[in-house]
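>>> I need the structure of the sequence given here:
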Amino acid sequence: MYRNFGEMPASEGFRQERAKHPSERLLGLMRDISSKLNAEVESNYGIRDLLDDECKINLDAYTEIYGQEEIDKSKEAVRERELEFSDAEDSRVKEFYQKEHGFSDEESIISQWKKEKSRNKNSQMELAVTALLYKMLGDRYIVARASDYDDYKNGIDNLIVDKQTGAVLCAFDEVHQGGKANEQIDKKHNKIMKIAADGGAEVNFGLKLSNGQLQRAKLENLPVFYLALHTQELQSLIEKMDSDLSGEPNEIETSLYNTLIESVKSQYQILIKKNNLPNSVKQNLMSFGQSLDTL
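Predicted coordinates:
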């Protein structure tokens with residue numbers, strides 16, 4: 001676990017690692033996962049630089065599929081949403097950033113906003129769950145974060161692709177707390193039902209398996225599932241997650257992984273019994289069902 005700390009004693013390395021802000025540790029895990037997956041995907045399927053350093057689908061990896069003009073449009077759409085969310089064009093916001101950080105240009109404000117965003121609970125949830133799923137499923141599944149475009153436009157946080165069957169799991173993550181947990185779960189159930197009934201989710205920058213070859217592609221009519229942890233569970237996972245991605249999962253990791261998968265199974269059982277789903281969604285749901293037991 002402490003191999004990244006050179007000659008430093010293990011106990012000292014452990015203390016320094018834990019002293020980091022959780023988002024720093026989690027982003028470090030994202031870089032490790034990206035490096036491993038990029039090497040695997042390039043070696044096995046000839047796809048270069050699929051993921052960026054944050055384990056997100058990299059838009060530039062799809063240039064030969066969509067063309068540079070379309071990629072540029074997608075990047076501009078991402079920037080517009082980031083300008084909106086960060087309020088980087090607001091004069092008062094620019095004045096604040098100038099006073100607090102010494103800059104007021106829009107790109108620097110967006111960059112700082114993204115850094116601060118990575119520290120909130122929902123972002124930490126997404127990072128921690130991605131790392132956990134990769135550790136538990138990485139041998140058979142590609143576990144990645146959706147592109148910023150699909151995150152903002154289609155509300156997708158994670159893509160999990162079965163390397164044997166090609167089945168795709170789309171997921172979004174949220175942290176729920178205390179007394180409002182049941183209310184938030186009801187909202188999530190309603191959300192996945194509505195998405196399925198409306199024709200399923202769309203992923204512009206996705207992956208599919210064709211004749212045993214992984215390909216970059218637009219995906220449609222996908223069922224979506226939510227991955228949720230209580231705030232206390234998230235905190236426990238972050239504190240006790242082992243940074244050795246190739247090591248055996250510890251007790252906390254195993255327990256919370258089982259919690260997530262049991263939730264997905266429950267959602268699947270509810271969706272598969274619905275009679276009003278479009279056939280295309282039902283077919284993708286059944287395809288995912290074949291992979292569900294291996295999760």
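
>>> Give me the below-cutoff pLDDT ranges for the stretch 51-200 of the chain.
Residues of the stretch 51-200 of the chain that meet the criterion pLDDT under 70 lie in 176-181.

>>> Let me see the ranges of the strands in it.
141-145, 158-162, 168-176 (DSSP state E, counting those that start in this stretch).

>>> As JSON lines, the ones you listed with distance to M286 and mean neighbour count would be great.
Glycine gets a C-beta too; all of them are placed from N, C-alpha and C. Below are the strands of the stretch 51-200 of the chain laid out as JSON lines (distance: least, CB to CB, whole Å; neighbours: other CB atoms under 10 Å):
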{"stretch": "strand 141-145", "distance to M286": "18", "mean neighbour count": "23"}
{"stretch": "strand 158-162", "distance to M286": "13", "mean neighbour count": "22"}
{"stretch": "strand 168-176", "distance to M286": "13", "mean neighbour count": "23"}
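
>>> how about JSON lines for these, with distance to L209 added?
Shown next, in JSON lines, are the strands of the stretch 51-200 of the chain (distance: least, CB to CB, whole Å):
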{"stretch": "strand 141-145", "distance to L209": "10"}
{"stretch": "strand 158-162", "distance to L209": "7"}
{"stretch": "strand 168-176", "distance to L209": "9"}
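
>>> can you tell me how far the closest residue to L245 other than its chain neighbours sits from E248?
Nearest in space to L245, with sequence neighbours left out and distances taken as CB to CB, 6 or more residues apart in numbering, is K135 at 5.4 Å. Computed with CB to CB, to the nearest Å, the distance linking K135 and E248 is 9 Å.

>>> ok, those two, which is more surrounded?
K135 (22 against 9; other CB atoms under 10 Å).

>>> Contact partners for that one?
L245, P249, E253 (CB atoms under 8 Å, 6 or more residues apart in numbering).

>>> Make sure the first one is indeed in a helix.
In other words, L245. No. Counting by DSSP: H, G, I helix; E, B strand; the rest coil, L245 is not found in a helix; it is coil.

>>> pLDDT score for it?
For L245, the pLDDT comes out at 87.

>>> close enough to count as contact, it and S34?
No. Contact criterion CB atoms under 8 Å: L245 and S34 do not qualify, at 11.4 Å.

>>> okay, the two: which has more neighbours?
S34 (21 against 14).

>>> would E220 count as being in a strand?
Yes. Under three-state DSSP, E220 sits within a strand.

>>> And it, how close does it get to I272?
19 Å.

>>> again, but for I47
32 Å.

>>> Who has more neighbours out of these two?
I47 (19 against 14).

>>> residues touching the more buried one, list them.
V41, A61, L214, R216.

>>> in what helix or strand does it lie?
Using DSSP states H and E, I47 falls within no helix or strand.

>>> swap in L207?
Going by DSSP H and E, L207 is part of strand 201-210.

>>> about what we covered before: next step: the contacts of I47 restricted to strands.
In strands, judged by DSSP state E, the following of the contacts of I47 are found: L214, R216.

>>> Can you name the two of the contacts of I47 that sit furthest apart?
A61 and L214 (11.9 Å; CB to CB).

>>> just how off-centre is stretch 281-294 within its chain?
Distance, stretch centre to chain centre, for stretch 281-294: 20 Å (CA atoms, centre = their mean, to the nearest Å).

>>> Convert the C-alpha atoms of that stretch to CSV, please.
This file holds the C-alpha atoms of stretch 281-294, laid out as CSV (Å, rounded to 0.1, in the frame of the first residue of the first chain):
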residue,chain,number,x,y,z
VAL,A,281,-35.0,-0.1,-23.3
LYS,A,282,-36.4,-3.6,-22.3
GLN,A,283,-33.8,-5.3,-24.6
ASN,A,284,-30.9,-3.3,-23.1
LEU,A,285,-32.3,-4.0,-19.6
MET,A,286,-32.4,-7.8,-20.4
SER,A,287,-28.8,-7.6,-21.8
PHE,A,288,-27.7,-6.0,-18.6
GLY,A,289,-29.5,-8.7,-16.6
GLN,A,290,-27.2,-11.3,-18.1
SER,A,291,-24.3,-9.5,-16.6
LEU,A,292,-25.9,-8.7,-13.3
ASP,A,293,-25.0,-11.9,-11.5
THR,A,294,-21.3,-11.4,-12.3
